[in-house]
Each structure stands twice: as structure tokens, then as C-alpha cells.
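Q: A predicted structure for the sequence below; I have some questions about it.
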Amino acid sequence: MNTKNLSKGEIVSKFTPNFSQVPNAFIDEIMVKLPDSSVKMYLLIVRKTKGWSKEVDAISISQFMKFTGKSRPTVVDAIKYLVEAEIVLEHDTTRYGKTYSINDEIYDGFFLLLPSKKILLVKKFNYSSKKTLLPLVKIFNTQKKLSKETNQKKKGVPKKRFSFSQSLKELGANEQLISDWLQVRKTKRASNTETALNGFMKQVEKSGLPLNTVLEICVIRSWQGFNIEWLKDLNTSELQPKQATPAPQNLKTVKGAW
């Protein structure tokens with residue numbers, strides 16, 4: 001910004017504290033795990049929502065490009081990464097663009113489950129280096145594809161596609177509770193990824209509660225996820241499966257006892 005033509009008062013007033021709040025945990029734990037482009041997208045979403053005291057806001061791709069200085073493909077990939085990791089929630093599309101909100105229900109330890117950086121790093125290079133780089137990328141992708149096909153032929157069985165509901169069922173969850181909870185997650189636009197399920201099951205194990213009990217709590221409370229810290233003010237004794245009282249044994253009269 002050119003400040004030569006601005007008075008000292010004008011410069012100071014532009015930077016007086018009127019900040020958009022960013023969770024400390026984002027800076028302390030997650031920022032280092034994200035691609036730089038995704039960090040920029042996250043900060044802009046915070047500015048457009050929390051910065052204006054709103055929960056959600058419609059943000060167009062052109063706005064992301066304008067404020068982050070990133071290209072359209074980079075913007076699309078960076079936002080997709082945030083949504084898949086459930087750091088940002090994606091909502092309905094409007095004429096102004098898709099609407100986004102910050103996920104406030106992320107629990108402790110969630111960031112340890114983030115996948116490795118999947119977004120390709122975009123590097124600035126001139127036309128001469130571009131001519132050299134593109135063939136190398138093409139060769140690399142071809143070799144990677146051939147290697148993948150070879151591995152699948154060796155195994156003889158194609159990789160099984162992950163199913164959120166089927167995985168819960170295999171873990172012993174009740175089918176009706178699975179269906180009810182998936183409806184809650186669908187309403188809240190939560191992604192049913194393997195990473196999300198792993199994080200959920202870690203919290204279930206820490207709680208010491210049966211899986212079906214946790215699912216019932218999540219359905220009743222309309223929780224898209226689960227955190228043992230949320231149980232502090234919740235009486236779970238009523239939801240615990242009760243042991244059946246053993247029936248009294250029939251007393252037999254012994255002949256000659258009286």
C-alpha cells in the first residue's frame with residue numbers, strides 16, 4: 001500500500017484493533033499442517049464470516065482470487081482440501097457463490113488426523129522452464145499410473161471403496177442409529193470420510209461408552225461429531241445399557257423337610 005499521500009492519522013486509523021477472531025488452535029496446531037493456499041482461503045472465510053459477525057457467507061471464486069492472489073485452480077483445490085478435512089463447512093450455492101462457515105465443533109486431537117498435503121504446490125516459472133517441466137510431469141504421471149495398475153494386478157483384488165455407514169456397521173453399530181446419525185451429518189453438511197470416522201472412533205474409545213450409546217447421544221443432541229469433553233454436563237447413566245435382574249430360582253420342597 002502506498003502511504004506517501006496519507007497522513008499519519010489516516011494510516012493509524014486503518015489498523016486500529018477491529019480484528020477478525022481466528023482460533024488460537026488454528027495457528028498453534030493446524031496451520032503448519034496445511035498448504036499455504038488453504039491457510040489463505042481459511043483466513044478469508046474467517047474475515048467474511050466472523051469478521052462481520054456472521055455464521056455463513058457467500059464467497060465467489062473471483063473473491064477468493066482477488067483477496068488471496070491465487071489462480072482459479074489453486075483456489076478450487078485449496079477450498080476442497082479445507083472442506084474434505086471438515087475445517088470449513090460448505091453450504092448452499094447462491095447467485096453470489098457457494099456459502100461457507102467455520103467448523104466450530106472441531107475437537108482436541110482432530111488436527112493429528114489430517115491427511116498429508118494433497119494439493120499440488122504451484123510454482124512460478126518462465127516459459128522455458130515450463131517446456132521442460134510439462135513433459136517430466138507427464139512421464140511421472142504415466143509411470144505412477146502403470147505402477148498402480150501393476151500393484152492391483154499383483155493383489156488380484158481391486159481396492160475396496162470406503163463406506164462410512166458400512167464401517168460403522170462392521171464396528172457393531174445399530175443400523176437405525178447409523179441411519180439417524182447420517183441424517184444429522186447430512187443436515188450439517190459433514191463429510192463422511194475415513195478421516196472423520198477415525199477421529200470419531202478415537203473419541204468413543206476415550207469415553208469408555210458403548211458405540212451405540214454414543215451414537216444415540218449424537219442423534220438426540222444433533223451432534224455431527226463427538227468429543228468426550230461435551231459429556232461433562234451430560235448424565236449418561238440413563239443411556240447406559242442396564243443389566244437384567246436375574247429371575248428368582250424356584251424353591252423346591254424337599255420331601256421330609258418339615
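A: Okay, I see it.
Q: For the nearest residue to Phe67 once chain neighbours are set aside, the count of nearby residues, please.
A: Spatial nearest neighbour of Phe67, excluding adjacent residues (Cβ to Cβ, 6 or more residues apart in numbering): Leu44 at 5.2 Å. All C-beta spots, glycine's among them, are computed from the backbone N, C-alpha and C. Residues within reach of Leu44, counting by other Cβ atoms under 10 Å, total 22.
Q: got it, and the one 4 residues further on?
A: The burial metric for Lys48, expressed as a neighbour count using other Cβ under 10 Å, is 21.
Q: Distance check, it against Leu89.
A: Remark: distance between Lys48 and Leu89 (Cβ to Cβ, to the nearest Å) = 14 Å.
Q: and for those two, which residues touch both?
A: Tyr100 (Cβ atoms under 8 Å, 6 or more residues apart in numbering).
Q: Which residue ranges of the stretch 1-150 of the chain form strands?
A: 57-59, 88-94, 97-102 (DSSP state E, counting those that start in this stretch).
Q: Quick one: the helices in the chain, in order.
A: With helices called from DSSP state H, the chain shows them at 8-14, 24-25, 36-48, 61-68, 72-84, 127-155, 164-170, 175-187, 194-207, 211-221.
Q: Show me what counts as buried in the third one.
A: Put plainly, it is helix 36-48. Buried residues in helix 36-48, defined by neighbour count with 16 or more other Cβ atoms under 10 Å: 37-48.
Q: hang on, the earlier thing: nearest to Glu55, out of the helices of the chain?
A: Of all these, helix 36-48 sits nearest to Glu55, with 11.1 Å by Cβ to Cβ.
Q: when you compare where the closest one runs with where helix 72-84 runs, what's the angle?
A: Interaxial angle of helix 36-48 relative to helix 72-84 (axes from the mean of the first three to the mean of the last three Cα atoms, to 10 degrees): 70 degrees.
Q: For Asn227, the count of nearby residues, please.
A: For Asn227, using other Cβ under 10 Å, the count is 18.
Q: Go ahead and confirm it touches Val204.
A: No: at 10.5 Å, Asn227 and Val204 do not qualify as touching, with contact defined as Cβ atoms under 8 Å.
Q: which one of the strands of the stretch 1-150 of the chain lies closest to Leu168?
A: strand 88-94 (21.2 Å).
Q: any low-confidence regions in this structure?
A: Across the chain, the ranges flagged by pLDDT under 70 are 1-18, 106-144, 146, 149-159, 235-258.
Q: go with 80
A: 1-20, 105-160, 232-258 (pLDDT under 80).
Q: mind exporting stretch 69-87 as CSV, just the C-alpha atoms?
A: C-alpha atoms of stretch 69-87 as CSV (Å, rounded to 0.1, in the frame of the first residue of the first chain):
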residue,chain,number,x,y,z
GLY,A,69,-3.8,-13.6,-5.2
LYS,A,70,-4.2,-17.3,-6.2
SER,A,71,-5.3,-18.7,-9.6
ARG,A,72,-8.8,-20.3,-10.0
PRO,A,73,-7.5,-24.0,-10.0
THR,A,74,-5.5,-23.3,-6.8
VAL,A,75,-8.5,-21.7,-5.1
VAL,A,76,-10.7,-24.6,-6.0
ASP,A,77,-8.2,-27.2,-4.8
ALA,A,78,-7.4,-25.3,-1.6
ILE,A,79,-11.1,-24.9,-0.6
LYS,A,80,-11.8,-28.6,-1.5
TYR,A,81,-9.0,-29.6,0.9
LEU,A,82,-10.5,-27.5,3.8
VAL,A,83,-14.0,-28.9,3.2
GLU,A,84,-12.7,-32.6,3.0
ALA,A,85,-10.8,-32.1,6.2
GLU,A,86,-14.0,-30.6,7.8
ILE,A,87,-12.2,-27.5,8.9
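Q: Any buried residues in that stretch, and which?
A: So stretch 69-87, judged by 16+ other Cβ under 10 Å, has buried residues 70, 74-75, 77-87.
Q: Taking those, tell me the two that lie furthest apart.
A: So, these by Cβ to Cβ: farthest apart are Lys70 and Glu86, at 21.7 Å.
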